[in-house]
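**Q** Here's a sequence, model it:
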Amino acid sequence: MTKTCDVWISEADHLALMAHLYPGDRDEYGAILRAGIVDISGRLRLLVREIALAKVGVDYVGGQFGYRALKPTFIHKHITGCRDERLAYLAVHNHDCDDWVDFSSIDLESHERGYPALRDIGKGVPVGALVYGRRAVEADIWLPDGTRAKLGEYRIIGKTIGRRTSSPRSAVSQVSAYDRQVRMFGKAGQEILSNSKVAIVGLGGVGSLVAEYAARLGIGKLVLVDPDEIEDTNLSRVVGAMAADVAAHRRKTEIAARLIRAANPGAKIAQYPVDVLNADAASELKSCDYIFLCADSMRARLLVNAVSHQYFVPVVQLGAKIVTDARGALVDAMSAVRAVRPGEGCLWCNGFIPSGVLALEAKSDEERKAQAYGTHEPNPSVITLNAVAAAQGMNDFLFDYLGLREAAGDWRYEHMHFLTHKTMRVVPRREEECSECVRRYGRGDALSLPGVVAKMSEVQKQSPLKQWWTNLLARFGR
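**A** As a prediction, this is how the structure comes out:
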């Protein structure tokens with residue numbers, strides 16, 4: 001098998017599965033996972049949406065050829081369910097080992113006997129198996145085209161990000177430019193950064209700072225999304241912008257790309273000078289490892305929030321807000337850091353995507369710009385408040401994405417209020433019937449993303465009126 005397949009799972013589901021597989025008696029246990037299917041430029045990614053734990057003696061019984069096997073009726077129930085919902089079918093069992101694991105010859109022989117028939121029943125969905133050690137995972141995935149794939153990486157998506165492979169891997173040496181930070185998180189951490197693909201949606205006051213931090217940390221691939229040109233009022237807070245850029249009508253994506261290349265010439269950069277709801281930009285996000293949401297629009301929040309729950313991509317929403325009263329007196333000055341993970345921290349559940357504002361944003365570009373803050377007066381913005389949000393968000397990325405700290409306590413948003421010197425750690429709500437985080441959870445390519453419009457080339461060919469109508473249909477046709 002030369003192909004590889006990645007498996008992503010939420011932290012809550014991984015912990016529940018491991019508690020079932022390793023209760024402390026060193027015995028063997030089984031389960032079935034139903035997983036959303038994602039095609040990332042020809043590479044398969046499976047997103048664990050549901051776990052069915054097999055009961056010993058009922059669903060997981062003595063095997064004819066091996067120690068134990070899943071009962072045929074249990075298998076049939078789940079393979080037909082996967083077929084009907086267009087989900088991948090993954091059978092699971094464990095071995096009594098730690099950081100190295102592989103299928104036994106008996107396991108592989110059982111796959112040869114059973115998986116051709118399961119692939120036929122599944123009618124086009126991948127079928128296969130995962131075998132677990134306590135800190136290792138291996139896969140044998142049977143693909144619809146008749147080929148098979150081993151595990152690339154098993155990723156655990158929670159507040160912190162965990163990674164498992166079938167055996168320990170050694171990090172390659174890194175260049176001396178990163179010597180000081182390698183002393184903090186090691187060569188393995190630097191290698192993870194250099195192999196990562198990170199998106200920054202919105203390249204204004206917060207996003208431009210995130211772009212510079214990402215470049216200097218050595219993140220290997222950066223996706224930049226922002227439809228706007230630089231304006232003279234942006235110069236006080238957009239890092240890397242110059243007066244000449246205003247005269248040249250330069251895009252914010254161009255300015256960020258120039259800044260990144262100056263700090264990290266080896267970085268690969270994809271620029272999307274379009275609304276994030278553009279089909280090209282939206283499709284690019286699903287292949288990312290992490291997304292920094294630094295845009296003010298509710299449409300951007302809706303789309304990126306959906307990507308996190310539907311494709312299991314970790315997201316952090318960053319922003320700063322200054323509130324004044326009718327006399328112009330300062331009422332509040334804050335920075336916000338809101339982590340979003342599969343099924344957790346949903347921006348829709350927590351009222352950060354008001355439907356009324358979404359309706360306003362369905363208007364033309366000129367009307368949206370005038371109504372961006374609910375008033376014709378621009379919102380106050382100061383680079384230092386933006387810097388707090390950007391730095392805190394990037395620190396969380398480093399510590400959580402590289403697994404440098406253990407997740408502790410309840411899920412929290414962080415709201416830093418500077419007038420009162422208070423940091424509020426807010427527990428996000430979770431609505432049981434949420435149309436976003438619940439319905440989209442792990443569905444991958446089986447579900448359309450909300451509000452996505454035509455591709456870049458197609459939108460650019462449209463008249464302004466046609467662009468407005470296309471966006472309106474996409475917004476209200478979801």
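
**Q** going forward, measure contacts between C-alpha atoms and count neighbours the same way
**A** Fine.

**Q** which stretches of the stretch 1-150 of the chain form strands?
**A** 3-10, 30-40, 43-53, 60-62, 68-70, 88-94, 127-132, 137-142, 148-157 (DSSP state E, counting those that start in this stretch).

**Q** what would those strands look like in CSV with mean neighbour count and mean pLDDT?
**A** As requested, these are exported to CSV (neighbours: other CA atoms under 10 Å; pLDDT from 0 to 100):
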stretch, mean neighbour count, mean pLDDT
strand 3-10, 20, 97
strand 30-40, 23, 97
strand 43-53, 20, 97
strand 60-62, 18, 94
strand 68-70, 21, 94
strand 88-94, 25, 98
strand 127-132, 24, 98
strand 137-142, 25, 98
strand 148-157, 20, 97
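
**Q** Nearest to residue 23, out of the ones you listed?
**A** strand 88-94 (11.4 Å; CA to CA).

**Q** Run through who's touching the closest one.
**A** Residues outside strand 88-94 that contact it (CA atoms under 8 Å, 6 or more residues apart in numbering) are 21, 28-37, 46, 78-79, 82, 125-133.

**Q** Could you list the low-confidence segments of the stretch 151-300 of the chain?
**A** Filtered on pLDDT under 70, the stretch 151-300 of the chain yields the residue ranges 171, 173-175.

**Q** one more time with 50, if that's ok
**A** Within the stretch 151-300 of the chain, no range satisfies pLDDT under 50.

**Q** how far away is residue 305 from residue 443?
**A** 14 Å (CA to CA, to the nearest Å).

**Q** and the two? which has more neighbours close in?
**A** Set side by side, residue 305 and residue 443 show more neighbours around residue 305, with 29 against 24, by other CA atoms under 10 Å.

**Q** The more buried one: what's it in contact with?
**A** Residue 305 touches 315, 340, 346-348, 436, counting by CA under 8 Å, 6+ apart.

**Q** with those residues in mind, which one is nearest to residue 243?
**A** residue 315 (32.3 Å).

**Q** is it true that the closest one touches residue 293?
**A** Yes - checked against CA atoms under 8 Å, the pair residue 315 and residue 293 is within contact range at 6.9 Å.

**Q** which neighbours do these two share?
**A** Counting by CA under 8 Å, 6+ apart, the residues touching both residue 315 and residue 293 are residue 304.

**Q** where exactly do the helices run in the stretch 251-400 of the chain?
**A** Assigned by DSSP state H, counting those that start in this stretch, the helices in the stretch 251-400 of the chain fall at 252-263, 279-285, 298-311, 355-360, 365-370, 383-401.

**Q** Just say which of those helices is most tucked in.
**A** Highest mean neighbour count among the helices of the stretch 251-400 of the chain (mean count of other CA atoms under 10 Å): helix 298-311, with a mean of 26.

**Q** can you count the residues close to residue 249?
**A** Residue 249: 12 surrounding residues under other CA under 10 Å.

**Q** Bridged to the nearest residue to it once chain neighbours are set aside, which residues?
**A** Distance criterion CA to CA, 6 or more residues apart in numbering; nearest residue to residue 249, sequence neighbours excluded, is residue 229 at 5.9 Å. When bridges are taken as DSSP bridges, the partners of residue 229 come out as residue 251.

**Q** contacting residues for residue 229?
**A** By CA under 8 Å, 6+ apart, the neighbours of residue 229 are 246, 249-252.

**Q** Output these in CSV, with distance to residue 297 appended to each entry.
**A** Compiled in CSV, the contacts of residue 229 are given as follows (distance: CA to CA, whole Å):
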residue, distance to residue 297
246, 22
249, 22
250, 21
251, 18
252, 16
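
**Q** buried residues in stretch 113-128?
**A** When burial is assessed from 16 or more other CA atoms under 10 Å, stretch 113-128 yields the following buried residues: 115-116, 118-119, 121-122, 125-128.

**Q** Surely residue 443 and residue 37 touch.
**A** Yes - the pair residue 443 and residue 37 qualifies as a contact (CA under 8 Å) at a distance of 7.1 Å.

**Q** Residue 400 and residue 229, how far apart?
**A** From residue 400 across to residue 229, the span is 33 Å (CA to CA).

**Q** measure the residue lying closest to residue 213 once chain neighbours are set aside to residue 143 for me?
**A** In space, and not counting its chain neighbours, residue 213 is closest to residue 394: 7.5 Å by CA to CA, 6+ apart. Going from residue 394 to residue 143 by CA to CA gives 38 Å.

**Q** ok so, going back, export the contacts of residue 305 to TSV and tack on pLDDT, neighbour count and distance to residue 60?
**A** Converted to TSV, those look like this (pLDDT from 0 to 100; neighbours: other CA atoms under 10 Å; distance: CA to CA, whole Å):
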residue	pLDDT	neighbour count	distance to residue 60
315	98	26	38
340	96	28	36
346	96	28	36
347	97	25	40
348	96	22	40
436	95	22	34
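
**Q** In space, not sequence, find me the middle residue of this protein.
**A** The residue lying closest to the centre of the chain (CA atoms, centre = their mean) is residue 313, at 1.0 Å.
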